[in-house]
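Colleague: Coordinates only, no sequence provided:
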């Protein structure tokens, strides 16, 4: 079920009403209800893959219980190995099987052996990269004895399949989300109202910004040879907004929806395009994934504590793995590698934690130096986005070549005025709200009260008016 | 919880009131749209792309062609239901009749993603596909279309169902497969006969007769290869239908002995500008003799 569908607009109020009015007293029943509706939510897309979530949940629940019941190091390692094998095995099969097969064949061909195997027709189950990582974090944390294994099977299954964040994150840690299933939820008026605002802002970013940018981007990218460099540059710019609007929009809707049910999910985006360097960008972009890799890959590898060579190795590993997580294509590997190259100089000069605060804090406009830093960082991400969006490496390099040609200075194709206005609205609101949780977060302030409702009306109208045809969320494919 | 629900209901009520107001405004605008006034039109040509290409209204005294491509009979019925009461000058309706008009692929136009949005955009002010029995309708797209067209902003243009005679000089009759598969097959299988479109054909006849408007069915020429490729069940049904219509006294006009070469066809089943110039006067003449 898509967040931007009529189905969800009907589903959410029904679930909300039943959750708070029919099952408010009994925690177990409430959790069972959440589990049921989460499976319905997922099954709406394709119920055939529900067994995968159930399997992943079952294995990690069992592993957790096993880990809790033994102090034997060898047994514990074996149990962790089981969890890793099942979850990463599912990912490897459904997501990477054909990629490995193709590259295997290519490698053989390079050495003069001809092979022509049939590609397996594997459908990638939506959200598999997200929920497998979520369950893995549980097993790893129990193994490390950072959290205690749960004996409440219902809560655990509901934690893995919690519908707001099931298919595209944020990838929650068991330590943060699981305890919320164990304690009674109390309806919080301010939380719910803010949740509604966050949902509205997420829908605006997805339907008005991302879907309309997608129309332009999808027209230009496959036929890049027919367009000027300036048009291609505009298309990458719009793609950067599309991917941001799409994914951060999804996260906003997920977080806002969870808040309606009394849950707090972690922040996944924090105005990343206002970053002054790549390190800051990665502290603000897909936070739940980057911190996952930091905690479960980078730090176990030694992080930045070893020699310079080891640090460089670790940085490349984490960025390349992160790129590969996004998709089984060399373009994602290059995307990750590019970010590693951008990040490395900062790390080696110990400047990666220089910009921990919010840009231009307490000011209306950034200083010229800050503005230059923001523009430079954004330009670097744009180059990397070309690889992210391209079909293959050849496509990406040709596209970049075409951008940096003489036609860069020719007139560009124009975009619709409504899209230009929407983008300006997005940038202005996000800039003004950069110290807050999301674009429409007002806290408990009574300021602007008279302006708020007309603003919400305007956003809703924009969603209806500018909404193109219903698009799936880009991150579903990851 | 109570303050939250009150706030939510209040917000939703204001929003719905605003949208309701816009809906009423747009509805009144759509009903008084000057496009609905056909002026001194006496002979109204309706149907899909067949007559849109084949009948040049210039050959008919006070003629007007409002055909639109891919128009199913249900939509034609809604058009006439709206237009006839407002245009008392119309004395004759020429309606296209072809094998594909009774194909059940027409039913799919209200649910197929390729067609549904366009069909709803044309019909939202004149007919509600959700009320048509026995056809599946993509209600999400329908609601979405109605909300977008009627409830979001004051709009002046709501009449998207008025087509016109349109043609070209081009000719390429190599599209037999596309035409046959598009008309008589749906998702690779024989689409079968549409009981719904058949019923709407008779409803159109009833409507015209009730308003004392002469209804004449027109069969436009297609290439022989196309006719030969039409699946047997459609040929049989079409023959039976023609018999039934004749028994009811509904005149059916066709080209008769007119000989057309391939250069007078736009494609395998549509006339081009040269073909229409030959076909239209023949129909006009035959009509005069009725």
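Modeller: Right, received. Where do you want to start? The shown structure was predicted, so the numbers you read here are calculated from the model rather than taken from an experiment.
Colleague: Residue A:66: what's it in contact with?
Modeller: Under the criterion of CB atoms under 8 Å, 6 or more residues apart in numbering or on different chains, the contact partners of residue A:66 comprise A:75, A:79. Using the backbone N, CA and C atoms, a C-beta is placed for each residue, glycine as well.
Colleague: Can you tell me how far it is from chain B?
Modeller: Taking CB to the nearest CB, to the nearest Å as the measure, residue A:66 falls 41 Å from chain B.
Colleague: Show me which helix or strand of the chain is least confident by mean pLDDT.
Modeller: No chain in the question, so chain A it is. When each helix and strand of chain A is scored by mean pLDDT, DSSP states H and E, helix A:97-110 comes last, with a mean of 76.
Colleague: could you do chain B instead?
Modeller: Scoring the helices and strands of chain B by mean pLDDT, DSSP H and E places helix B:139-150 at the bottom, with a mean of 89.
Colleague: can you count the residues close to residue 76?
Modeller: With no chain named, the answer covers chain A. Using other CB atoms under 10 Å in any protein chain shown, residue A:76 has 18 neighbouring residues.
Colleague: actually chain B
Modeller: Residue B:76 has 26 neighbouring residues, counting by other CB under 10 Å.
Colleague: element containing it?
Modeller: helix B:73-86 (DSSP states H and E).
Colleague: show me the contacts for residue A:56.
Modeller: Listed by CB under 8 Å, 6+ apart, the contact partners of residue A:56 are A:86, A:87, A:90, A:131, A:132, A:135, A:160.
Colleague: pLDDT value on residue A:119, please?
Modeller: Looking at residue A:119, its pLDDT is 60.
Colleague: Name the residue of the stretch 151-290 of chain B that lies nearest to chain A.
Modeller: Among the residues of the stretch 151-290 of chain B, residue B:152 lies closest to chain A, at 5.1 Å counting by CB to the nearest CB.
Colleague: check whether the least confident helix or strand of chain B contacts chain A.
Modeller: Yes - shown here: helix B:139-150 in contact with chain A (CB under 8 Å from any CB of the partner chain) through B:140, B:143, B:144, B:147, B:148.
Colleague: and the helix holding residue B:76, what other elements does it pack with?
Modeller: strand B:43-46, helix B:116-123, helix B:195-210 (3 or more CB pairs under 8 Å, 6 or more residues apart in numbering or on different chains; DSSP states H and E).
Colleague: on contacts alone, who are the packing partners of the helix or strand that the shortest one is followed by?
Modeller: Translated: strand B:43-46. Using DSSP H and E, the helix or strand that follows strand B:43-46 in sequence is helix B:49-54. Helices and strands touching helix B:49-54, by 3+ CB pairs under 8 Å, 6+ apart, are strand B:92-96, strand B:270-271, helix B:273-289.
Colleague: Tell me which residues are up against helix B:49-54.
Modeller: B:45, B:65, B:67-71, B:94-96, B:98, B:163-167, B:218, B:220-221, B:266, B:269-272, B:275-276, B:279-280.
Colleague: roughly how far is stretch A:284-296 from the heart of the chain?
Modeller: Mean-position distance between stretch A:284-296 and its chain equals 10 Å (CA atoms, centre = their mean, to the nearest Å).
Colleague: buried sites along it?
Modeller: Judged by neighbour count (16 or more other CB atoms under 10 Å in any protein chain shown), stretch A:284-296 contains these buried residues: A:284, A:285, A:286, A:287, A:288, A:289, A:290, A:291, A:292, A:293, A:295, A:296.
Colleague: Likewise for stretch A:78-87?
Modeller: Within stretch A:78-87, the residues scored as buried using 16+ other CB under 10 Å are A:79, A:80, A:82, A:83, A:86, A:87.
Colleague: Among the residues you listed, which lie within strands?
Modeller: Cross-referencing the buried residues of stretch A:78-87 against strands under DSSP state E gives no overlap.
Colleague: which residues sit in contact with residue 68?
Modeller: Defaulting to chain A. With contact taken as CB under 8 Å, 6+ apart, residue A:68 is in contact with A:142, A:148, A:149.
Colleague: looking at chain B here, not the other one
Modeller: Applying CB under 8 Å, 6+ apart, we find residue B:68 in contact with B:48, B:49, B:52, B:75, B:122, B:161, B:162, B:163.
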